[in-house]
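**Student:** Sequence first, then the predicted structure, then my questions.
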Amino acid sequence: MEAREIERCIDEFGADVYRFCLKLCMNREDAEDLYQQTFLQALEREAALEWERNPRAFFFAMVHSQWKSSRRKAARRSGIAQCTNMEEGQEHMVCSGEDIEADYFRREMISEISRIIQDLPDKFRVPLILFYLFEFKVEQIAEMTGKPPGTVKSRLFKGRKIVKKRLEEAGYGEERF
C-alpha cells in the first residue's frame, strides 16, 4: 500500500481502529503500539487496498490478527498472557437529561457492563465488541476472526447470556439492556 492510501484510511476510520485497539488491549500504551504496528504492516504490504471491499473491516481484521499474535508471543515468554484493566475515565459517556438519578444509574450500568465484558474470555469479548461497539455484521466478524458465522452467532449469544447473568447477580435486575 502507498502512504497516501494509509493516510486516507487513518483519516476515515483511524479513530475506530484505535478504539478497537483500546478495547482489546485495555491499556493505552499497548493499544498505541498495536495501532502503529497495524498501519506499519499495511504500509509494508505490496498489494493495493481495495476500497470497494470494506477496508475498515480489513484493518479491524489486521488489528485482531496482530493482537492475537502478540498475545501468543507474550504467553510463550511468560507462560501467562495478562491484560491490565483500562484506566478509569478513558471511556467517556455523556448523559444529558433532567433526571440525574437515571443518568447516574445508566452510567453505573454501562461501567458494570464494561467491567463484565473485560473479564470475559477473548472468544466472547472480541465478537461482542465488534458487533455492538463497532456495528460489524456477523459475516464480517466471522471473516475477521477466521471463524464460521455460526460460531460467531453462538459466541454472541453466549456472551450476551453471561453479561445478563452477571448484571443480574450485581443487582441490576430484569431490565432490558
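**Tutor:** In hand now; what should we look at? Because the structure is a prediction, the values reported are computed rather than measured.
**Student:** looking at it, residue 160 is touching residue 132, isn't it?
**Tutor:** No: applying Cβ atoms under 8 Å as the test, residue 160 and residue 132 come out as separate, 9.2 Å apart. Yep, even glycine has a C-beta here, placed from its N, CA and C like the rest.
**Student:** Please work out the average pLDDT along the helix or strand where residue 168 lies.
**Tutor:** Using DSSP states H and E, residue 168 maps to helix 149-169. For helix 149-169, mean pLDDT is 93.
**Student:** Adjust the sequence numbering to begin at 4 for everything that follows.
**Tutor:** Renumbered: residue one is now 4, and that last one reads helix 152-172.
**Student:** name the helices or strands packed onto it?
**Tutor:** When contacts are defined as 3 or more Cβ pairs under 8 Å, 6 or more residues apart in numbering; DSSP states H and E, helix 152-172 packs onto helix 103-122, helix 125-131, helix 141-148.
**Student:** So which of those is nearest residue 14?
**Tutor:** helix 141-148 (21.3 Å; Cβ to Cβ).
**Student:** by how many degrees do the closest one and helix 152-172 diverge?
**Tutor:** 100 degrees (axes from the mean of the first three to the mean of the last three Cα atoms, to 10 degrees).
**Student:** what comes up buried for helix 141-148?
**Tutor:** Under the neighbour-count criterion of 16 or more other Cβ atoms under 10 Å, helix 141-148 has 141, 143, 144, 145, 146, 147, 148 buried.
**Student:** before we move on, what about stretch 67-82?
**Tutor:** Within stretch 67-82, the residues that count as buried by 16+ other Cβ under 10 Å are 67, 69, 70, 73, 74.
**Student:** And these, which is closest to residue 12?
**Tutor:** Distances from residue 12 to these, taken by Cβ to Cβ, are shortest for residue 69, at 15.1 Å.
**Student:** for the helix or strand containing that closest one, packing partners?
**Tutor:** Residue 69 is located in helix 58-81, with elements delineated by DSSP H and E. On a contact count with 3+ Cβ pairs under 8 Å, 6+ apart, helix 58-81 meets helix 6-28, helix 31-47, helix 141-148.
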